[in-house]
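Enquirer: Kindly return the folded structure for what I paste below:
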Amino acid sequence: MTHGVAALLIFTAWCSPAFAAFAQSTDAERPISYGAEVAFRSGHADRGVLISDRPVIQPVTWVAGGGAEFSLWSSFPLAENTNRSRPEILELEVTHGLQWRTFTLGPAVRTYFYNDPPSGYRTRSIEGWLYVSLAVGSFRLFTNHSVDVLTYRGAYFGEAGIASERPVSRRVEIGGLVGAGWASATFNEAYVGIAKSALNRINAEARLTVHVTPHFYVGPHVEFSTIVDPVVRTAPDLLRPTYVLIKLTTGGEF
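Expert: Sure, this is the predicted structure:
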């Protein structure tokens with residue numbers, strides 16, 4: 001049954017027949033593109049849950065074409081966490097972006113592998129994702145949803161917010177967002193050790209990107225997040241309910 005659900009999600013991500021009548025691939029007119037970047041970050045968090053509270057290095061590479069994109073991302077800690085864990089993470093994601101006027105839809109499938117060498121704990125799973133956004137003037141309304149279909153079956157997380165990106169010069173762009181996220185009891189039990197569905201967090205991000213050349217860029221990124229549910233804030237597996245992470249990214253796309 002699990003493999004059947006995963007296969008269905010993969011098929012949906014690539015085909016999305018419900019939108020075939022009117023949707024256009026976001027990159028339908030573009031040839032194949034590819035890129036890679038490396039980020040140095042003060043820590044790592046996933047959907048409001050702090051995974052690493054020590055610096056990490058996070059390389060990613062991707063290839064895109066015909067509206068589809070395949071990416072390979074990883075996170076490697078440079079030191080042990082305050083709780084002596086040292087999580088290493090590898091993620092593979094396939095996304096198919098569809099667009100109709102100002103509305104975009106991006107079904108995706110993500111596979112991740114988690115390894116903590118000090119404790120010997122390992123896990124892996126498969127998630128189905130749906131990225132949805134609507135452009136309204138210079139802003140973008142977005143909502144993203146994920147559900148686990150393998151190891152933590154039924155673990156759901158959703159978020160919504162408003163984002164904006166704009167150039168301030170020929171080579172410099174600024175961007176940011178504010179949002180909120182909610183989770184099912186299964187998600188919170190798997191990630192922080194407490195089985196309670198809740199409005200988990202509010203968050204804000206800001207970034208600046210400098211295009212050093214037409215293909216290469218560099219820039220800082222700041223992320224703030226805080227758990228707002230009082231019960232989830234005291235969950236036993238939560239490193240910290242509130243965090244600020246700083247990231248410096250450099251990369252290129254061709």
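Enquirer: Other residues contacting stretch 173-182?
Expert: Outside stretch 173-182, the residues within contact range by CB atoms under 8 Å, 6 or more residues apart in numbering are 47-48, 142, 157-168, 197-209, 211. All C-beta spots, glycine's among them, are computed from the backbone N, C-alpha and C.
Enquirer: Just the buried ones out of the residues you listed, please.
Expert: 47-48, 142, 157-159, 161, 197-198, 200-203, 205, 207, 209, 211 (16 or more other CB atoms under 10 Å).
Enquirer: now the helices for this structure?
Expert: Along the chain, counting by DSSP state H, helices occupy 2-15, 185-192, 230-233.
Enquirer: Please report phi then psi for residue 137.
Expert: Phi and psi for residue 137, reported as degrees, to the nearest 10, are phi 60, psi -130.
Enquirer: Give me the pLDDT for it.
Expert: Among the per-residue scores, residue 137 shows a pLDDT of 93.
Enquirer: so residue 107 makes contact with residue 96?
Expert: Yes - judged on CB atoms under 8 Å, residue 107 makes contact with residue 96 at a distance of 6.0 Å.
Enquirer: thinking again about what came up before, and the buried ones among the contacts of stretch 173-182, which of them are in strands?
Expert: Under the assignment DSSP state E, the buried ones among the contacts of stretch 173-182 contribute 142, 157-159, 161, 198, 200-203, 205, 207, 209, 211 to strands.
Enquirer: which residues does residue 154 contact?
Expert: 147-148, 184, 186.
Enquirer: Show only the entries of those found in strands.
Expert: Short answer: these in strands (DSSP E) are 147-148.
Enquirer: need the contacts of residue 154 in CSV with pLDDT, can you?
Expert: Formatted as CSV, the contacts of residue 154 follow (pLDDT from 0 to 100):
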residue, pLDDT
147, 98
148, 98
184, 98
186, 98
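Enquirer: Relative to residue 224, which of the contacts of residue 154 is nearest.
Expert: residue 184 (23.8 Å; CB to CB).
Enquirer: Can you give me the pLDDT of the closest residue in space to that closest one that isn't next to it in sequence?
Expert: Spatially, and ignoring its direct neighbours in sequence, residue 184 is nearest to residue 156 (4.2 Å; CB to CB, 6 or more residues apart in numbering). With respect to pLDDT, residue 156 scores 98.
Enquirer: tell me the contacts of residue 156?
Expert: 145-148, 183-184, 186-187.
Enquirer: By neighbours, which of the residues you listed wins?
Expert: When those are compared by neighbour count (other CB atoms under 10 Å), residue 183 ends up highest, at 28 neighbours.
Enquirer: Quickly list what that one is bridged to.
Expert: Beta-bridge partners for residue 183, by DSSP bridges, are residue 157, residue 198.
Enquirer: do residue 98 as well
Expert: residue 25, residue 105.
Enquirer: Residue 106 is in contact with that one, correct?
Expert: Yes - using CB under 8 Å, residue 98 is in contact with residue 106, at 7.1 Å.
Enquirer: picking that back up, which of the ones in strands among the buried ones among the contacts of stretch 173-182 sits closest to residue 231?
Expert: Distances from residue 231 to these, taken by CB to CB, are shortest for residue 198, at 7.0 Å.
Enquirer: Tell me the spacing between that closest one and residue 236.
Expert: 15 Å (CB to CB, to the nearest Å).
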